[in-house]
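A.B. asks: Fold the following, please.
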Amino acid sequence: MAAAKNIPPSGAQGSGSPDALRKLLAERAVLTAFLLTMVRDLALAEQIFQDLCVAVTEGRERCDDPGAFGRWARDLARRRAFATLRARGIDAADLPQTQLVDRVEAIVAELSATPAERWQKRKAALRDALHALPVHLRQVVDLRYVQNLSVAEIAERLGHETRHVAAALERARAHLEQSLFERRGRAEADA
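C.D. replies: Below is the predicted model of the structure:
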């Protein structure tokens, strides 16, 4: 019965944001996996995650930009992981390379993005790739995929043979594929 006196009244558990804690708990698997890449010990990764939850609950850690919660949580997890390892006397040479951690963080960020965010990134990439197409190929793509004309209708409109229109569409798709592939490669190299 005496233990019940130590339980704070509802809403008085700390100055932390319950919404932030809910978001943190929703990201538990991703953050724990992220921590595991750094500390290489599941129990320690879980312990660091629990420490993050306590810090958020007590209001010691706050996210000023709710839209950047995932990035903030990963940055906080990274700092806590490295601080924990240093406190345990683990040499920096034993830590994963910064590039590896950055790459894992980029993958986690991509996986954590909302479907709308992923769709916006893909749309922007495709728009850039389309603008990079030569004008004649962009015209054929527009007629086929925006105006929804058949290959025969495009050929008639442009005064070309259908096989030439089909070949132009194939070249356009190949250009788009190559452009998107290169963009993804650059993004991975930057990560």
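A.B. asks: Tell me the buried residues in stretch 172-191?
C.D. replies: Within stretch 172-191, the residues that qualify as buried by neighbour count (16 or more other CB atoms under 10 Å) are 172, 175-176, 179, 183. No exception for glycine: its C-beta is placed from N, CA and C like everyone else's.
A.B. asks: would CSV of the residues you listed with secondary structure be doable?
C.D. replies: Putting those into CSV (DSSP: H, G, I helix; E, B strand; the rest coil) gives the following:
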residue, secondary structure
Ala172, helix
His175, helix
Leu176, helix
Ser179, helix
Arg183, helix
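A.B. asks: Need the max-distance pair from these.
C.D. replies: Maximum pairwise distance among those (CB to CB): 16.4 Å, between Ala172 and Arg183.
A.B. asks: Model confidence for Ala106, exactly?
C.D. replies: If you check Ala106, the pLDDT there is 64.
A.B. asks: repeat for Ala92
C.D. replies: Turning to Ala92, the model gives it a pLDDT of 55.
A.B. asks: likewise Lys123?
C.D. replies: At Lys123, pLDDT is 87.
A.B. asks: Can I get the stretch of helix or strand it belongs to in CSV, CA atoms only?
C.D. replies: According to DSSP states H and E, Lys123 maps onto helix 115-132. Taking Å, rounded to 0.1, in the frame of the first residue of the first chain, the C-alpha atoms of helix 115-132 are listed here in CSV:
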residue,chain,number,x,y,z
PRO,A,115,4.6,6.9,-47.9
ALA,A,116,3.8,10.5,-48.9
GLU,A,117,7.5,11.5,-48.3
ARG,A,118,8.8,8.5,-50.3
TRP,A,119,6.3,9.4,-53.1
GLN,A,120,7.4,13.0,-53.2
LYS,A,121,11.1,12.0,-53.5
ARG,A,122,10.2,9.6,-56.3
LYS,A,123,8.1,12.2,-58.1
ALA,A,124,11.0,14.7,-57.9
ALA,A,125,13.5,12.2,-59.2
LEU,A,126,11.2,11.2,-62.1
ARG,A,127,10.5,14.9,-62.9
ASP,A,128,14.2,15.6,-63.0
ALA,A,129,14.9,12.5,-65.2
LEU,A,130,12.1,13.6,-67.6
HIS,A,131,13.5,17.1,-67.9
ALA,A,132,16.9,15.6,-68.8
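A.B. asks: what distance separates it from the middle of the whole chain?
C.D. replies: Distance, stretch centre to chain centre, for helix 115-132: 15 Å (CA atoms, centre = their mean, to the nearest Å).
A.B. asks: list the helices and strands that helix packs on?
C.D. replies: helix 135-141, helix 162-190 (3 or more CB pairs under 8 Å, 6 or more residues apart in numbering; DSSP states H and E).
A.B. asks: wait, doesn't Ala172 sit right on Val140?
C.D. replies: Yes. Counting by CB atoms under 8 Å, Val140 is a contact partner of Ala172 at 6.1 Å.
A.B. asks: any idea how far Ala45 is from Ala174?
C.D. replies: Noted for Ala174: a distance of 44 Å to Ala45, by CB to CB, to the nearest Å.
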